[in-house]
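*Asks:* Give me a model of this one.
(one chain, ligands or ions: 1)
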Amino acid sequence: MSDDADKTQDRLEKENAIRRKEMDSIKYIKGTGHCLNCNTKLNDSRRWCDKDCADDWDYHVNRRK
Ligand SMILES: [Zn+2]
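*Replies:* Below you'll find the model as predicted:
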């Protein structure tokens, strides 16, 4: 076992912990009356105005690693 391998493992675990935290916070986001992606006003508790916005938002969130 080299030190490098240990460091990599350690870092991966930290990154996974951060990612899990982000996933949790995403899961609990409630509808705000506005599309989370384009800010269009919504009349119900949806979080996005359409699937494109949901996909777009998802893409940007996941890219922010
Ligand atoms: Zn939208």
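
*Asks:* now the helices for this structure?
*Replies:* According to DSSP state H, the chain carries its helices in the segments 3-27, 51-63.

*Asks:* Out of these, the one nearest the ion is which?
*Replies:* When those are compared by Cβ to the ion, helix 51-63 sits nearest the ion, at 3.2 Å. Yep, even glycine has a C-beta here, placed from its N, CA and C like the rest.

*Asks:* With distance to N39 added, can I get the helices of the chain in TSV?
*Replies:* What follows is the helices of the chain, written out as TSV (distance: least, Cβ to Cβ, whole Å):
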stretch	distance to N39
helix 3-27	18
helix 51-63	10
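
*Asks:* Of the ones you listed, flag the one that's most buried.
*Replies:* helix 51-63 (a mean of 13; mean count of other Cβ atoms under 10 Å).

*Asks:* Run the angle between it and helix 3-27 for me.
*Replies:* 150 degrees (axes from the mean of the first three to the mean of the last three Cα atoms, to 10 degrees).

*Asks:* All set now, cheers.
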